[in-house]
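**Student:** Provided below for reference: sequence and predicted model.
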Amino acid sequence: MSPMAIPCLVLAGITCSVGAFYLLFHLKWRAAREYLPFALLCFAVAAYDVFSAGVYNASSLAEGIFWQRLQLVTLALASCLTIWFLELVTLKRLSRVGLGLIATLGALVVLTLTVHEPHVTLSVSTPSVKVVRWGGRELVTYYESQLGIVNLAGVLVVYFAYARLFRLLYRSYRESRSADLLGLMAGQLVYFASLLNDGLVGAGVYSFCYLSEYAYLAVISTMAYALLGRFVALHVKVGLLNESLERRVAEALAAVKVLRGLIPICAACKKIRDDQGFWTRIEEYLTEHSEATLSHGICPDCMRELYPEVMARRGQAARERKADP
């Protein structure tokens, strides 16, 4: 195994583990929609790293092109998932432009997998073998094909997509000044720089190693950090809301007076015996031990007993009203 393939496999294991964790997180908390594209992105990056290890271990042009084709496919898939994730973070939804970019990259993936014509996609008829040396010694040999029109179109779409995503991140950062968004911008800059390096290396401008398989670690790290920061912030916010609610409930309960238990009351005068053993009028007791405000009146039975003449006059007046035609 090539020594250059070992770091790729290690990174694949790390990103796959992160993806599995956040996929389980999404299954437990479906409201966090951005967790799903991030988990799928981790799996796509893990696959890309595995295919990169295949490129480093390739010993023939046909074998190298096989792994190169898979690299381009997973690169497009990872870009689609990045668009999905970052638009959910910045716009809270997947925009029409994002959907158009994803559809375009999907169509180019299909062409990359099905068409093997020279100058259209990858082909053994258009080799582009690159030997990278370091300190006078051969470091790695890339057995690759020249990129066809379809592949170049995919690269340009990816460049445009990442430039647009960086603009969305910057606009959101200016509105919120969130440190999480600042970290996401840093990760996207690192990866965009690696894409530029890989494009120049692939075009033969200079001889160097491809870096995107390593730069993806910055992307995954900053995205995971942003999701963790959002979860912690939400947890702190919920904790503060619970504390505020508990305090308001305690204050409300402290202001409420409720009568409970057995209340001794005189069977004759209806006075109530308080906790100190004193007998007080029921009005005074209720006013002291509750929030009720009492008003006085006379019920019909008491009215007949205390003021019979008044009740008699009222009855006479009622009968006269009925007698009038």
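**Tutor:** Arrived safely.
**Student:** separation between Trp67 and Thr287?
**Tutor:** Going from Trp67 to Thr287 by Cβ to Cβ, to the nearest Å gives 88 Å. Bear in mind the C-beta positions are built from the backbone N, C-alpha and C, glycine included.
**Student:** er, Val109 I mean
**Tutor:** Val109 sits 80 Å away from Thr287 when distances are taken as Cβ to Cβ.
**Student:** which residues touch Cys16?
**Tutor:** By Cβ atoms under 8 Å, 6 or more residues apart in numbering, the residues touching Cys16 are Cys42, Phe43, Ala46.
**Student:** May I see these arranged in JSON lines, with distance to Trp84 and pLDDT as well?
**Tutor:** JSON lines is the format used below for these (distance: Cβ to Cβ, whole Å; pLDDT from 0 to 100):
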{"residue": "Cys42", "distance to Trp84": "13", "pLDDT": "96"}
{"residue": "Phe43", "distance to Trp84": "13", "pLDDT": "97"}
{"residue": "Ala46", "distance to Trp84": "17", "pLDDT": "96"}
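**Student:** Could you identify which of those has the most neighbours?
**Tutor:** Taking other Cβ atoms under 10 Å as the neighbour criterion, Cys42 ranks highest of the contacts of Cys16 with 28 neighbours.
**Student:** Apart from its neighbours in sequence, what residue is nearest it?
**Tutor:** Nearest residue to Cys42, sequence neighbours excluded (Cβ to Cβ, 6 or more residues apart in numbering): Gly19, at 2.8 Å.
**Student:** you'd agree that neighbour is up against Leu41?
**Tutor:** Yes. Under the criterion of Cβ atoms under 8 Å, Gly19 lies in contact with Leu41, with a separation of 7.4 Å.
**Student:** Give me the more crowded residue out of those two.
**Tutor:** Set Gly19 next to Leu41 and count neighbours by other Cβ under 10 Å: Leu41 wins out with 26 against 21.
**Student:** got the contact list for the more buried one?
**Tutor:** Here Leu41 is in contact with Gly19, Ala78, Leu81, Thr82, Phe85, Ile220, Met223 (Cβ under 8 Å, 6+ apart).
**Student:** Tell me which stretches of this structure form helices.
**Tutor:** 5-28, 35-57, 61-91, 96-114, 149-176, 179-202, 212-255, 282-289, 300-306, 308-323 (DSSP state H).
**Student:** sorry, back to before: so what's the residue nearest to Cys42 up against?
**Tutor:** Phe38, Ala39, Leu40, Leu41, Cys42, Phe43, Ala46.
**Student:** swap in Ile149?
**Tutor:** Contact analysis of Ile149 by Cβ under 8 Å, 6+ apart lists His119, Val120.
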